[in-house]
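A.B. asks: Structural data only, the sequence is not supplied:
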């Protein structure tokens with residue numbers, strides 16, 4: 001009698017512990033999947049920001065080149081203006 005009750009109680013405890021372990025396993029998998037998605041999203045965001053940074057740097061370089069070109073043209077125009085003599 002008592003032994004049978006003890007065995008039944010232990011079997012019930014074992015089943016409960018197994019269910020809990022399975023639930024923990026499922027929860028852990030869900031958390032790992034969510035963490036992986038977050039990491040992938042983070043990597044994608046960083047890659048997007050890096051592309052934007054490179055595009056901005058390229059634009060800055062191009063604008064600096066255009067500025068230098070305009071400065072040279074302005075300098076040449078000033079030199080021409082100094083040499084210019086109006087016929088009065």
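C.D. replies: On my side now, so go ahead. Please read these numbers as outputs of a predicted model, since none were measured by experiment.
A.B. asks: To what extent is residue 60 buried, counted in neighbours?
C.D. replies: 10 (other Cβ atoms under 10 Å). In short, each C-beta sits where N, CA and C put it, glycine included.
A.B. asks: give me the element it is part of.
C.D. replies: helix 2-83 (DSSP states H and E).
A.B. asks: Please state the offset of that helix from the chain centre?
C.D. replies: 3 Å (Cα atoms, centre = their mean, to the nearest Å).
A.B. asks: helices or strands up against that helix?
C.D. replies: Helices and strands in packing contact with helix 2-83 are not found; criterion 3 or more Cβ pairs under 8 Å, 6 or more residues apart in numbering; DSSP states H and E.
A.B. asks: State the mean pLDDT of stretch 53-66.
C.D. replies: What stretch 53-66 shows for mean pLDDT is 98.
A.B. asks: err, stretch 31-45, not the other one
C.D. replies: 98.
A.B. asks: contacting residues around that stretch?
C.D. replies: Residues outside stretch 31-45 that contact it (Cβ atoms under 8 Å, 6 or more residues apart in numbering): none are found.
A.B. asks: For that stretch, buried residues please.
C.D. replies: For stretch 31-45, the buried set under the neighbour-count rule, 16 or more other Cβ atoms under 10 Å, is empty.
A.B. asks: Let's verify residue 85: helix, strand, or coil?
C.D. replies: coil (DSSP: H, G, I helix; E, B strand; the rest coil).
A.B. asks: Report pLDDT for it.
C.D. replies: 79.
A.B. asks: Residue 88 now?
C.D. replies: At residue 88, pLDDT is 67.
A.B. asks: What of residue 71?
C.D. replies: At residue 71, pLDDT is 96.
A.B. asks: Residue 52 versus residue 65, what's the distance?
C.D. replies: 21 Å (Cβ to Cβ, to the nearest Å).
A.B. asks: Check residue 25 too.
C.D. replies: Where residue 52 is concerned, residue 25 sits at a distance of 41 Å (Cβ to Cβ).
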